[in-house]
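[1] All I have is the shape, not the residue letters:
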Ligand code: NAD
């Protein structure tokens, strides 16, 4: 599949004139979203904790689309400094599209987690997303266009064994987003994308930690995952990113407050 070429879901002008802030953009689904949105003509701001990893992605974005792309070093766990970090960008004009995304919490049973181990991911995901929404929505209202998308997890619908902290956090994020969907200005949508088993470093490190804990081979872990997925393969991050970019586009203006699985059919609920 050539999702950055012939099979791109959006036309190369679909996001022209729109500025997108993509958090957790240095790799995985965040980086794929940056690529797809650059291809669709957006001005893309790729944010993560260190400049180094963002540099080569920035070059790729310049080759993919004609928007004005830039990097932003921003640690989502330092919520107090987010406003100061973003202010120079906001002074230049509105950010129309916000993708709330960051690394998932470590695995393990919920009862083993300390209160601090619960607090840290809540800061990185929920508190950071709340801070960003409060900062960005005035500009979205002035521009009469806003799209806010959270990358969370299918555990919103079915908690996943041994991902207790993640399950708790994702439920909170989904509820936060649904509450906002009833409050935000009519020109702003907010939605969640729920990835299934997606071919990123996060999934690789999850397999490694299960291997270390249980002694199961990586191949057996992978096969076990695939047996749950009707499409019988990992999801390409560009597939997830294509859905995120669609939700960010003008065409998706009537979709508001949904949690959309991109999971290859793994969830069994209707
Ligand atoms: P990933 O771990 O590959 O990428 C996470 C990104 O967030 C990286 O760019 C990382 O640098 C950044 N990040 C981490 N901590 C940060 C911080 N404090 N401040 C700023 N940036 C930070 O993850 P992914 O596989 O692309 O997944 C994206 C999200 O979707 C994660 O929350 C993940 O848990 C969730 N998810 C992934 C899968 C999957 O199969 N990959 C499945 C379900 C849910």
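    Received, thanks. Here the structure is a predicted model, which is why all the values come from computation and not from measurement.
[2] quick one, phi/psi of residue 224?
    As for residue 224, its main-chain torsions (degrees, to the nearest 10) stand at phi -60, psi -40.
[3] Apart from its chain neighbours, what residue comes closest to it?
    Excluding the flanking residues, the one nearest residue 224 by Cβ to Cβ, 6 or more residues apart in numbering is residue 216, at 7.8 Å. For the C-beta atoms, the positions are set from N, CA and C on the backbone; glycine is no exception.
[4] With the ligand as the reference, measure out to that neighbour.
    Distance, residue 216 to the ligand, by Cβ to the nearest ligand atom, to the nearest Å: 18 Å.
[5] Residue 171: neighbour count?
    Residues lying near residue 171 (other Cβ atoms under 10 Å) number 16.
[6] so it makes contact with residue 157?
    No: look at residue 171 against residue 157 with Cβ atoms under 8 Å: they stay out of range, at 9.6 Å.
[7] Contact residues of this structure facing the ligand?
    24-30, 48-49, 75-77, 101-104, 124, 151, 153, 195, 197-198, 200-203 (Cβ under 6 Å from any ligand atom).
[8] change it to 5 Å
    Residues of the chain found near the ligand (Cβ under 5 Å from any ligand atom) are 24, 26-29, 48-49, 75-77, 102-104, 124, 151, 153, 195, 197-198, 200-203.
[9] Inside strands: which ones of these?
    Under the assignment DSSP state E, those contribute 48, 151, 195 to strands.
[10] From those residues, pick the one nearest residue 13.
    Proximity of those to residue 13 (Cβ to Cβ) peaks at residue 151, which lies at 24.8 Å.
[11] Now do the same contact list for that closest one.
    Neighbour list for residue 151: 24, 29-30, 33, 99-101, 192-193, 195, 240, 244 [criterion: Cβ atoms under 8 Å, 6 or more residues apart in numbering].
[12] Which one of those residues sits in the busiest neighbourhood?
    residue 33 (32 neighbours).
[13] Was I right to think it contacts residue 24?
    No: with contact defined as Cβ under 8 Å, residue 33 does not reach residue 24; the gap is 9.3 Å.
[14] Centre of the chain to stretch 260-270, how far?
    17 Å (Cα atoms, centre = their mean, to the nearest Å).
[15] for it, how far is the first residue from the last?
    Start-to-end span of stretch 260-270 (Cα to Cα, to the nearest Å) is 12 Å.
[16] Okay, now the unreliable bits of the stretch 51-200 of the chain?
    Across the stretch 51-200 of the chain, nothing is flagged by pLDDT under 70.
[17] Might you name the residue of it sitting closest to the ligand?
    residue 104 (2.3 Å; Cβ to the nearest ligand atom).
[18] mind listing what that residue touches?
    Going by Cβ under 8 Å, 6+ apart, residue 104 touches 121, 153, 163, 166, 202.
[19] at 6 Å instead, please
    Residues near residue 104 by Cβ atoms under 6 Å, 6 or more residues apart in numbering: 166, 202.
[20] Could I get the phi/psi values of it?
    Note on residue 104: backbone dihedrals following degrees, to the nearest 10 are phi -70, psi 160.
[21] and if you look at residue 147?
    According to degrees, to the nearest 10, residue 147 has phi -140, psi 120.
[22] Is there a neighbour count for it? I'd like the number.
    When neighbours are counted by other Cβ under 10 Å, residue 147 comes out with 27.
[23] Please apply the same query to residue 203.
    21.
[24] what does the model give it for pLDDT?
    In this model, residue 203 is scored at 87, pLDDT.
[25] Against residue 240, how distant is it?
    12 Å (Cβ to Cβ, to the nearest Å).
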